[in-house]
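Trainee: Got a sequence here, can you model it:
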Amino acid sequence: MTIVAMLGLLTIYPLTIHRSPKGVLYMYTFQSLLVASIPAALYLQTRQVELLILCALLILIKSVIIPAFIIRRNIKYAAKSVEPKLAVNYAVGISSVTAVILFTLVLFYQILPASFGGATRIVAVSGFSYAAACILVLSFRRYAESQILLLLCVENGILLASLVMIPMIPILAEVIIAFETLVAVITLAWLNHHMRYVFGHTDTFEMKDLRG
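Mentor: Numbering: from 1, shown residues only. Okay, the predicted model is just below:
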């Protein structure tokens with residue numbers, strides 16, 4: 001689980017420098033697979049069948065349905081394009097992301113209760129740190145498609161922490177959370193489509209006029 005958490009933190013750097021919404025989609029899908037591997041690892045320790053069901057549910061919704069049937073349909077128009085310019089240059093982006101990761105790692109490691117120790121503490125801290133870094137990277141992006149995906153990455157980080165902090169969450173609660181995420185994505189995808197229809201693009205930096 002510790003390796004999964006470290007890999008998750010490392011994926012924040014491609015998100016920081018990648019200018020293609022399609023590339024951000026691929027990174028989100030990879031991160032979702034990493035998150036889904038946590039219940040599988042917990043199953044090997046506890047032999048709780050519910051964790052395997054949760055693993056399959058996360059893979060189905062976060063790594064198959066959302067990327068293939070919802071998000072991809074909205075970024076197909078931008079698949080061959082890249083954001084013309086990020087809000088900050090690469091050096092500043094990487095430096096600021098590294099600073100946020102280090103700060104939040106230390107902060108959450110100190111404030112988490114002592115009952116969370118070992119790998120559980122490392123994964124939980126990494127999840128919260130990853131979510132904070134994604135919020136920062138979101139402010140660098142210009143295209144709405146990338147911003148939507150980064151919001152989902154923030155949710156991945158919070159979910160990663162919750163899976164190890166509360167591993168025995170009832171499966172019904174996890175199903176409800178997963179489908180609420182799906183409904184949120186459908187709503188954001190519809191808004192993104194309407195934005196492209198009205199403005200002809202989804203570059204939020206260029207949207208200065210209100211249109212009815």
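
Trainee: Show me what whichever strand or helix holds L25 is packed up against.
Mentor: According to DSSP states H and E, L25 maps onto helix 21-46. Here helix 21-46 touches helix 2-10, helix 12-17, helix 49-60, helix 72-75, helix 144-165, going by 3 or more Cβ pairs under 8 Å, 6 or more residues apart in numbering; DSSP states H and E. Backbone N, C-alpha and C define where each C-beta goes, glycine included.

Trainee: What are the buried residues along the third one?
Mentor: I take that to be helix 49-60. Going by neighbour count (16 or more other Cβ atoms under 10 Å), the buried part of helix 49-60 is 50-51, 54-55, 57-59.

Trainee: what distance separates that helix from the centre of its chain?
Mentor: 18 Å (Cα atoms, centre = their mean, to the nearest Å).

Trainee: For Y13, give me the pLDDT.
Mentor: Note on Y13: pLDDT of 85.

Trainee: Run through the residues that contact the nearest residue to it once chain neighbours are set aside.
Mentor: If the residues on either side of it in the chain are set aside, Y13 comes closest to I94, at 6.5 Å by Cβ to Cβ, 6 or more residues apart in numbering. Applying Cβ atoms under 8 Å, 6 or more residues apart in numbering to I94 gives the contacts 13, 16-17.

Trainee: which residues touch the spatially most central residue of the chain?
Mentor: Among the residues of the chain, the one closest to the centroid is C153, at 0.9 Å (Cα atoms, centre = their mean). Listed by Cβ under 8 Å, 6+ apart, the contact set of C153 reads 15, 27-28, 31, 130-131, 134.

Trainee: The same query, at a cut-off of 7 Å, please.
Mentor: With contact set as Cβ atoms under 7 Å, 6 or more residues apart in numbering, C153 has these partners: 15, 28, 31, 134.

Trainee: Stretch 123-143: which residues count as buried?
Mentor: Quick answer for stretch 123-143 (16+ other Cβ under 10 Å): 123-134, 136-138, 140-143.

Trainee: sorry, that was for stretch 155-163
Mentor: The neighbour-count check on stretch 155-163 (16+ other Cβ under 10 Å) flags 155-157, 159-163 as buried.

Trainee: follow-up on the earlier one: sort out for me which of the buried residues of stretch 123-143 are in helices.
Mentor: Residues from the buried residues of stretch 123-143 lying in helices, with DSSP state H as the criterion: 123-134, 136-138.

Trainee: Pick out whichever of the residues you listed sits closest to V175.
Mentor: G127 (20.3 Å; Cβ to Cβ).

Trainee: The closest one reaches M165, doesn't it?
Mentor: No. Counting by Cβ atoms under 7 Å, G127 sits too far from M165 to count as a contact (8.7 Å).

Trainee: okay, the contacts of C153 in TSV with distance to V4 next?
Mentor: As requested, the contacts of C153 are exported to TSV (distance: Cβ to Cβ, whole Å):
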residue	distance to V4
L15	17
Y28	16
Q31	10
C134	16
